[in-house]
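Colleague: Structure of the sequence below:
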Amino acid sequence: MAQIISASIDLNKIDKSKIKPGKDGAKYYNIQIIVNDEPNKYGQDVSISENQTKEQRDVGEKKKYIGNGKTVWKSQASINQSANASEHNDVVGSDSLPF
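Modeller: So this is what the prediction gives:
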């Protein structure tokens, strides 16, 4: 499914120690982007948080949210594919097949 998401990150919330060096002087900051099924009261359906280590998840440390956004475009093909898949599942699970 193709989507375009418009989002922003609060740079004051970024833990600068988590910026990692890459090749040719590039710098990377790993994030997670969560697309929710329903928008919040501001019409936003996207949350951005820092990546967590396995240890942080295991001890139940809360995610640090650093930004948010919203889906501004979705491809129609993905919607049609979902509809076709559910129609196919209905037929496969049906006991009224002619053979």
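Colleague: need the contact list for the residue nearest to N30 when sequence neighbours are not counted.
Modeller: Closest residue to N30 apart from its sequence neighbours, by C-beta to C-beta, 6 or more residues apart in numbering: N51 at 4.1 Å. Any C-beta I mention is one placed from the backbone N, CA and C, and that applies to glycine too. Going by C-beta atoms under 8 Å, 6 or more residues apart in numbering, N51 touches K18, N30, I31, Q32.
Colleague: Local confidence estimate at N51?
Modeller: Note for N51: predicted pLDDT of 94.
Colleague: Please flag which of the contacts of N51 sit within helices.
Modeller: Using DSSP state H, no member of the contacts of N51 falls in helices.
Colleague: How much space separates the residue nearest to N30 from D37?
Modeller: Going from N51 to D37 by C-beta to C-beta, to the nearest Å gives 22 Å.
Colleague: what do you get for Y65?
Modeller: Going from Y65 to D37 by C-beta to C-beta gives 18 Å.
Colleague: between the two, which one's more packed in?
Modeller: Each of Y65 and D37 has its neighbours counted (other C-beta atoms under 10 Å); Y65 has more, 15 against 5.
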